[in-house]
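1. Make a model of this:
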Amino acid sequence: MSEQPKGHRRPVAYKNDAFLDSSAARAVRILSEYLEPLDHFKREVIRDTIVFFGSARVTEDGPMGRYYEAARELARRVTQWSESLENHTRRFVICTGGGPGIMEAANRGASEAGGKTIGLNIGLPFEQWPNPYITPELSFEFHYFFMRKFWFAYMAKALVVFPGGFGTLDELAEILTLVQTEKLEKKMLVLLYGSAYWKEIVNFEALVKYGMISRSDLQLFEYVDDPEAALTLLRDWLTDHYLKPEIPLAEPETHIPAIAKSRV
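-> Numbers count the residues shown, from 1 in each chain. Take a look at the predicted model:
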């Protein structure tokens, strides 16, 4: 009996690189940027994070080098404290955008303290390249800004914002908007590190003056100017709101990471 002629066999869709790179598969790529980090966070038992934002252009020995050292020192101290907590999950893990500058400093400090540290990198035309201090299994590469922002916002319990440019301002405004509008069903501490810088760059009082925000919105953040004061604020606030007493989670929420819900 003669063999039947064999037709060309196409690859299955999830192994078809041409399809996965096409516009038709954009939803698949977006979903992947949610599912892959989620899988790693579960395997590494990451419960929640403290996010450090700041400029990629700040260098250790440059004119703004004091902020590099402050971010490094604060991340080191926070990690030493979080590593001392008795918990079956990893609490308050330092998370950055994964690049150089302030991001590198924070990942470096956490690494020097012997803790896990997260980098959410994104491909950009310049500056952005993963720094060497990120825990390898917690180093992620994103294409979509909004998925990267999702992971910044939805695992964070606190945010420390060092001097930065457009990207830092964008990320700060995003978090403040989510907190102001109560789109996050959780408490969030926002610290602006370097009061002189931030009061010159953003005139929050003018926003109140012209009725663009309420005076009560100025309570959404605090200024801080040294690592020791920042550590005290973070440690006391996180203890009061998330550690003492720790409210038992509902059964479906006992699995980490503790992703925030929308309040409305």
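
2. what's the neighbour count on the residue lying closest to Thr135 once chain neighbours are set aside?
-> Excluding its sequence neighbours, the residue lying closest to Thr135 (C-beta to C-beta, 6 or more residues apart in numbering) is Lys116, at 4.7 Å. C-beta coordinates here come from the backbone N, C-alpha and C atoms, glycine included. By other C-beta atoms under 10 Å, the residues close to Lys116 number 20.

3. With the one 5 residues further on instead?
-> When neighbours are defined as other C-beta under 10 Å, Asn121 has 20 of them.

4. so who does the nearest residue to it once chain neighbours are set aside touch?
-> Take Asn121 and drop its neighbours on the chain: the residue closest to it by C-beta to C-beta, 6+ apart is Gly98, 3.4 Å away. Taking C-beta atoms under 8 Å, 6 or more residues apart in numbering, we find Gly98 in contact with 107, 118-122, 128, 130-131, 134, 139-140.

5. can you confirm Gly98 is in a helix?
-> No. Per DSSP: H, G, I helix; E, B strand; the rest coil, Gly98 lies outside any helix segment and is coil.

6. Would you mind listing the residues in contact with Gly123?
-> Counting by C-beta under 8 Å, 6+ apart, Gly123 touches 141-143.

7. And Arg77, by the same measure?
-> When contacts are counted by C-beta under 8 Å, 6+ apart, Arg77 touches 109, 113, 227-228, 231.

8. how about 7 Å then?
-> Shown in contact with Arg77 (C-beta atoms under 7 Å, 6 or more residues apart in numbering): 227, 231.

9. host element of it?
-> Assigning secondary structure by DSSP states H and E places Arg77 in helix 65-83.

10. now do Lys42
-> helix 26-43.

11. Could you pull up phi and psi at Leu120?
-> phi -110, psi 80 (degrees, to the nearest 10).

12. make that Thr49, sorry
-> Dihedral angles (degrees, to the nearest 10) for Thr49: phi -140, psi 160.

13. Would you mind measuring from it to Arg26?
-> For Thr49, the distance to Arg26 (C-beta to C-beta, to the nearest Å) stands at 27 Å.

14. between those two, which one's more packed in?
-> Neighbour tally, Thr49 and Arg26, criterion other C-beta under 10 Å: the higher count belongs to Thr49, 27 against 13.

15. For the more buried one, give me its contacts.
-> Listed by C-beta under 7 Å, 6+ apart, the contact set of Thr49 reads 92-93, 95, 118, 155-156.
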